[in-house]
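Visitor: Just a sequence and a predicted model for now, questions to come.
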Amino acid sequence: MTGSSKKGVFLMNRIGPSKASLWIADALTGTEQPLLTEPKFEYHGSISPDGEWITFTSERNGDGNADVFRCRIDGSDLQTVVATPSVEDVLVMSPDGTKGAYVSTANGFVANIWVVDFATGDRRQLTFGEAKTASSLHDSPEGSFRPAWSPDGEWIAFASDRDTDWYGHSDGHGWEHTQELAIYVMRADGSEIRKVIGEKDWTYGSPKWSPDGRRLVFYSMHREHTWGSRRPEWIGRVKSEIVSVDVATGLGRIQHTDGPDLKLCPQFHPNGKDVFYYIKAGGGAPGNMRGTDQAWIQADVPTGLYCTDGRKPILRQLRSPCWSADGTKVVYEKVDFKFRGQGDMLVSWDKDWDYRHSDVYPVLSRQGRVAITEKQQGCSSIVTCKPDGSEKFTVFDASKAGLDPLQNKKGLAGAFQPAWSPDGEWIAFGIGPWFDARSTGKSKIMRARSDGSFAEALTDGTTHVGFPSYSADGRFLVFRQWEKDDWGLRIIDVETREIRVLTTAIDNMPSWSPDGERIVFTRQFGPAHYHVCTIRPDGSDFQQLTETRASDGHGVWMYDGRIGYSTGLYGFRDEAAIYDFTFQPYGQIMVMDADGANKRLVTDSLWEDSMPCYIPNEFL
């Protein structure tokens, strides 16, 4: 790895598929073949109304850079339609074949519906969702997704979470957000936007028109299930139904399915009465997933293609199917969720830095070596390596720490958040159960020699503690304590083991600044309401640096004294129920000055991006 002509390398973690390919199949027999002879990360395919074209999203221009393309139904005549550094996704062709509607974050990083003229390339934004801050009277995600043309080409239907609130999972208390969607229609020029159906605490998504243009079909689920639908531990346990309503009135509701399982991607049969859909579960064949996901899969759920006309379902692992207008063909994607390698190239949104993938909690020593928690391999041990992933060395093997092996594999236990001592001789970390288990389990702060020769506990294990960070002189560690009515940040003297209280609020993930002057951390201000804050090590000069209701957190100091963090400010980029194995599909990385000024988004993908770590050229 080299930094080439740039300032260096930017490590980050991405949760999302690592590969995908499109397949075209006979809708009755399931006989399939790949769409493209040379697939390069394609997904979200759609068959044009005349059956001649397939439009789709591809990241062939860089891992994380979603652009839209089209090709003939046989895979020939591949054409770029829209390709920019922004997200472009789910392109669908108009009935006359002259235009395409798609989703883009091109104006302000929020997902909106756009239209493109195939002949001229001219693009126009049709919806205008805006990311809002806590100072707004009503803070809303504001995204628009999954456009669908009416048969006469006069209208576009879409799903949107506009005018809804940010709401955490687990009845509003979880860190990660659920998504409430309503179905809207608008004229093809963006005028006369009208809500067709929507109600509090319910999600209606992926609308499609009936052949006569009088009805819209979509999936319906409780808002809470948009969390379970993207989590491997719940994907086979949540449910949805396929429903249609009259476009003009939003009434005349027909429920086309009735039963268990997660049913998505509905589409009318050519007869205008039956519907196609698919049941989502699993995620891929063994070997096509991260170790942490394989441990969760509900293997007994019958995932595949279905139709209410009584035909035999086509059972196979696939995602995002779309049927041809005559019902004879179906296009879908097969997805690979295997872990990206340490140092694998990602698309760079910053001209000054080369972006590379990392396992979780990457941190750079002052001597130029990287430490990580090797979570996505299913072991959660502390590992060091060069920035490109070479010369990997296990400092602390979490499998030998007496933890539950299954919890380790699921990523719910292990050695989390390494922290280098300034001299590079020690690495501190938390060891124990994490996430939901923190409420009942206990953990310790430990440190280990970076050569793996020795490890010791610094706390006694009577409370749940974790996420340590060294002071600039190496004498102290700040960490967080997670105990009901005894929350907050603590500072331990590594030599004397004396612990003092720094804060008593629900604070998490502290990180000491390189100069030792401040500590950045995440504070909970209410259910699913988090901000990035800083404080001096003596407890003075508390500052709240972010303000959006969408939640900001996981703040870390950059080598140059700026702060990097994860933000939900710009909202979801797609319907939450469509994602797999993802906590926060709306998460992007932002950097800001130490005082909160000059906030700048540095990723713009469809996926969950987090955990930034800049590595200057001097260490490459």
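Guide: Cool, got the structure. Residues are numbered from 1 along each chain as shown.
Visitor: What helix or strand is the closest residue to T548 other than its chain neighbours located in?
Guide: Once flanking residues are discounted, T548 sits nearest to L569: 4.7 Å by Cβ to Cβ, 6 or more residues apart in numbering. Yep, even glycine has a C-beta here, placed from its N, CA and C like the rest. Using DSSP states H and E, L569 is not contained in any helix or strand.
Visitor: Might one say that L569 is in contact with M590?
Guide: Yes. L569 lies in contact with M590 (Cβ atoms under 8 Å); the separation is 7.3 Å.
Visitor: Which one's more surrounded, the two?
Guide: Taking neighbours as other Cβ atoms under 10 Å, L569 and M590 compare with L569 leading, 24 against 21.
Visitor: Please give me every residue in contact with that one.
Guide: A131, T133, T548, A550, D552, Q588, M590 (Cβ atoms under 8 Å, 6 or more residues apart in numbering).
Visitor: What count of nearby residues applies to the third one?
Guide: Counted by other Cβ under 10 Å, the residues lying close to T548 total 22.
Visitor: Return the distance of it relative to S191.
Guide: 30 Å (Cβ to Cβ, to the nearest Å).
Visitor: ok, now the last one?
Guide: If you measure M590 against S191 using Cβ to Cβ, the figure is 34 Å.
Visitor: Tell me what I615 is bridged to.
Guide: V9 (DSSP bridges).
Visitor: Surely it touches V370?
Guide: Yes. The pair I615 / V370 is scored as a contact, 7.4 Å apart, by Cβ under 8 Å.
Visitor: anything in contact with each of the two?
Guide: Counting by Cβ under 8 Å, 6+ apart, the residues touching both I615 and V370 are L11, L364, P387.
Visitor: Okay, and which of those map to helices?
Guide: Assignment to helices by DSSP state H places none of the shared contacts of I615 and V370 there.
Visitor: got those as CSV, with pLDDT columns?
Guide: Output for the shared contacts of I615 and V370, formatted as CSV (pLDDT from 0 to 100):
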residue, pLDDT
L11, 98
L364, 97
P387, 87
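Visitor: Top of those residues by number of neighbours, please.
Guide: Counting by other Cβ under 10 Å, top hit in the shared contacts of I615 and V370: L11 with 27 neighbours.
Visitor: my read: that residue touches S610, true?
Guide: No. In this structure L11 lies outside contact range of S610 using Cβ under 8 Å: 11.1 Å.
Visitor: residues in contact with T548?
Guide: A131, K132, T133, A134, D139, T567, G568, L569.
Visitor: what number of residues lie near the second one?
Guide: Okay, so that is K132. K132: 19 neighbours (other Cβ under 10 Å).
Visitor: OK, contacts around the nearest residue to it once chain neighbours are set aside?
Guide: What sits nearest to K132 in space, not counting adjacent residues and going by Cβ to Cβ, 6+ apart, is D139, at 5.0 Å. By Cβ under 8 Å, 6+ apart, the contact list for D139 reads K132, T133, D165, W166, T548, R549, A550.
Visitor: In which helix or strand does D139 reside?
Guide: Counting by DSSP H and E, D139 is found in no helix or strand.
Visitor: What pLDDT is listed against it?
Guide: We have a pLDDT of 72 for D139.
Visitor: And for the one 10 residues further on?
Guide: Per-residue confidence (pLDDT) for W149: 98.
Visitor: Show the contacting residues for it.
Guide: Per Cβ under 8 Å, 6+ apart, neighbours of W149: P49, V92, M93, S94, P95, A101, W155, I156, A188, W209.
Visitor: helix, strand or coil for N408?
Guide: helix (DSSP: H, G, I helix; E, B strand; the rest coil).
Visitor: thought it was touching K375?
Guide: No. Counting by Cβ under 8 Å, N408 stays clear of K375, with 9.4 Å between them.
Visitor: residues bridging contact with the two, i.e. touching both?
Guide: Counting by Cβ under 8 Å, 6+ apart, the residues touching both N408 and K375 are G414.
Visitor: residue ranges for the strands of the stretch 401-550 of the chain, please.
Guide: Taking DSSP state E, counting those that start in this stretch as the test, the strands found in the stretch 401-550 of the chain are 413-420, 426-433, 444-449, 455-457, 465-470, 476-481, 488-493, 499-501, 507-512, 519-526, 529-535, 543-544.
Visitor: now the ones you listed in TSV, with distance to S358, mean neighbour count and mean pLDDT?
Guide: Formatted as TSV, the strands of the stretch 401-550 of the chain follow (distance: least, Cβ to Cβ, whole Å; neighbours: other Cβ atoms under 10 Å; pLDDT from 0 to 100):
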stretch	distance to S358	mean neighbour count	mean pLDDT
strand 413-420	12	26	96
strand 426-433	16	25	97
strand 444-449	20	21	98
strand 455-457	23	14	97
strand 465-470	17	26	98
strand 476-481	22	24	98
strand 488-493	25	20	98
strand 499-501	31	14	98
strand 507-512	16	24	98
strand 519-526	19	21	96
strand 529-535	21	23	96
strand 543-544	28	13	98
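Visitor: Tell me which of those approaches L181 most closely.
Guide: Across the strands of the stretch 401-550 of the chain, L181 has its closest neighbour in strand 529-535 (21.3 Å, Cβ to Cβ).
Visitor: what lines up beside that closest one in the sheet?
Guide: strand 519-526 (antiparallel), strand 543-544 (antiparallel).
Visitor: Could you point out which of these sits nearest D451?
Guide: Among the strands paired with strand 529-535, the nearest to D451 by Cβ to Cβ is strand 519-526 (28.2 Å).
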